[in-house]
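**Student:** Sequence unavailable; structure follows:
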């Protein structure tokens, strides 16, 4: 039993901390397919120069310099432009299958291998992003990327909503490590801390393309982009580690489960301007368990307690208000909640504490004992013995139980002898076997 509980807790912790929504995995699959297709399109412009024998790196030179790379790459089979174009087309077909989610796991594996083979053909035109793309495809083989928004998902009767495996944990930790390491190196660089790194990079003609050369004419904009990039690198790991919205920052929060922040999200989507967002309450306080927490705000005259059964054990047919006193710990016996009933003090007419006209509410006083009729005007709950006596009497036969006074109801909760004496003096009674009840002076 203990091992089963530990296993269940470990699985719950893994799902909460390292789980990924299936829709996010579907978006990740689409992004991978688009990145591979765009990468192939850009490299196809210089296909002859970089990947054929007529280019800068013939197959013979690659075999002499990097024999292992030449053995692992399938792109070394041919050195012609037409042969390389066929391999590019096969890679594009596999990437398109990955994009739409058809045979997703197989398409991911084929795309990853062909892309790695292309990179091994000429390692001089690579950067760190290319290695990250191949590594992401490798993780994608171990992930259910076709669970949502794919052709494969159309055949699933009940798609998974959330995935938590070692692969999801690895890919999340990989993102955190990449961004943290990048941010540390940026902060240790004088060019980035001075705000001139982006301007310097875009000024290099061998790396600057598109709008890069024209952006150097706006130095203030490049300085702002420099610091914006550093801030994004520092904040990205926090976005990966943080989960949920208002009220779900932590697993066992003291907020209500329904406080997910969907209301502001719907208002924002509808075009309603959001104001005073600083008043959203975040509750980092957590609880050791998800049991019921009863506070003083959950009461009228007192809290209403429930045990495992769906019935209310704290109310009677004649009393609708709760009977648990504030700041009073209820006692439990045999699975049933004991009750503490209150008698209205002078000036009030009901057990709810509402005063009569012209009087001020006073603090209610507890009842400690019953009168001798089996039921009391101050306590509407009959005892078991008095209930049995009434049944026998109504049947037409007087028995010895009819003359025997009933025992005290379980509603009575006497804490000390002095309080019992005070309650008896105030109107309670002391019973003697076989005699009528007498009130103590």
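**Tutor:** That came through fine. Every value quoted in this text rests on a predicted model; they were computed, and no experiment measured them.
**Student:** Against residue 63, how distant is residue 53?
**Tutor:** Residue 53 is 12 Å from residue 63, where distance means Cβ to Cβ, to the nearest Å. All C-beta atoms are positioned from the backbone trio N, CA, C, and that covers glycine.
**Student:** oh, I was asking about residue 78
**Tutor:** According to Cβ to Cβ, residue 78 and residue 63 sit 14 Å apart.
**Student:** Show me which of those two is the more surrounded one.
**Tutor:** More crowded of residue 78 and residue 63, by other Cβ atoms under 10 Å: residue 78, with 17 against 14.
**Student:** Would you mind confirming that the more buried one is in contact with residue 85?
**Tutor:** No - Residue 78 is beyond contact range of residue 85, at 9.9 Å (criterion: Cβ atoms under 8 Å).
**Student:** list residues touching both of these two?
**Tutor:** Between them, residue 78 and residue 85 share no contacting residue under Cβ atoms under 8 Å, 6 or more residues apart in numbering.
**Student:** which residues of the stretch 1-150 of the chain fall in strands?
**Tutor:** 20-21 (DSSP state E, counting those that start in this stretch).
**Student:** Quick check: which ranges of it have low pLDDT?
**Tutor:** Confidence mapping of the stretch 1-150 of the chain against pLDDT under 70 gives the ranges 1-2, 13-15.
**Student:** Doesn't residue 210 lie inside a helix?
**Tutor:** No - using DSSP: H, G, I helix; E, B strand; the rest coil, the assignment for residue 210 is coil, not a helix.
**Student:** any idea how far residue 221 is from it?
**Tutor:** Distance of residue 210 to residue 221, given as Cβ to Cβ: 15 Å.
**Student:** One more: residue 152?
**Tutor:** Going from residue 152 to residue 221 by Cβ to Cβ gives 44 Å.
**Student:** Tell me which of the two has more neighbours.
**Tutor:** Neighbour totals were compared for residue 152 and residue 221, and residue 152 leads with 20 against 13 (other Cβ under 10 Å).
**Student:** Find the nearest non-adjacent residue to the more buried one, please.
**Tutor:** Leaving aside its sequence neighbours, residue 152 sits nearest to residue 146 (Cβ to Cβ, 6 or more residues apart in numbering; 3.7 Å).
**Student:** what about that neighbour, how many neighbours?
**Tutor:** Around residue 146 there are 28 other residues, counting by other Cβ under 10 Å.
**Student:** tell me the contacts of it?
**Tutor:** Contacts for residue 146 (Cβ under 8 Å, 6+ apart) come out as 26, 29, 101, 104-105, 152-153.
**Student:** And it, its phi and psi?
**Tutor:** phi -90, psi 20 (degrees, to the nearest 10).
**Student:** domains for this protein, by residue range?
**Tutor:** Dividing the chain into domains by automatic domain parsing, as the record does, gives the ranges 20-163, 298-352, 367-392+402-431.
**Student:** quick one: contacts of the helix or strand that contains residue 234?
**Tutor:** Assigned by DSSP states H and E, residue 234 belongs to helix 219-241. With Cβ under 8 Å, 6+ apart as the test, helix 219-241 has contacts from 172, 175-176, 179-180, 182-183, 186-187, 192, 195-199, 202, 215-216.
**Student:** In ChimeraX, how would I select the buried members of those?
**Tutor:** To isolate the buried members of these in ChimeraX, using 16 or more other Cβ atoms under 10 Å:
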select :172,175,179,182,183,186,192,195,196,197,198,199,202,215
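**Student:** Tell me if I am right that residue 168 is in a helix.
**Tutor:** Yes - counting by three-state DSSP, residue 168 is found in a helix.
**Student:** and it, how many residues sit next to it?
**Tutor:** 23.
**Student:** pretty sure residue 192 is touching residue 186, no?
**Tutor:** Yes - using Cβ under 8 Å, residue 192 is in contact with residue 186, at 4.4 Å.
**Student:** So what touches the strand or helix carrying residue 213?
**Tutor:** Per DSSP H and E, residue 213 falls inside helix 212-215. Here helix 212-215 makes contact (Cβ under 8 Å, 6+ apart) with 202, 205, 221-222.
**Student:** If we only consider the residues you listed, which is nearest to residue 74?
**Tutor:** The shortest gap between residue 74 and any of these belongs to residue 205, at 34.3 Å (Cβ to Cβ).
**Student:** Report the separation between that closest one and residue 91.
**Tutor:** 30 Å.
**Student:** Who has more neighbours out of these two?
**Tutor:** More neighbours surround residue 91 than the other of residue 205 and residue 91, with 23 against 9 (other Cβ under 10 Å).
**Student:** Grab the nearest non-local neighbour of that one.
**Tutor:** residue 114 (4.2 Å).
**Student:** Please name the residues that touch that neighbour.
**Tutor:** By Cβ under 8 Å, 6+ apart, the residues touching residue 114 are 74, 87, 90-91, 94.
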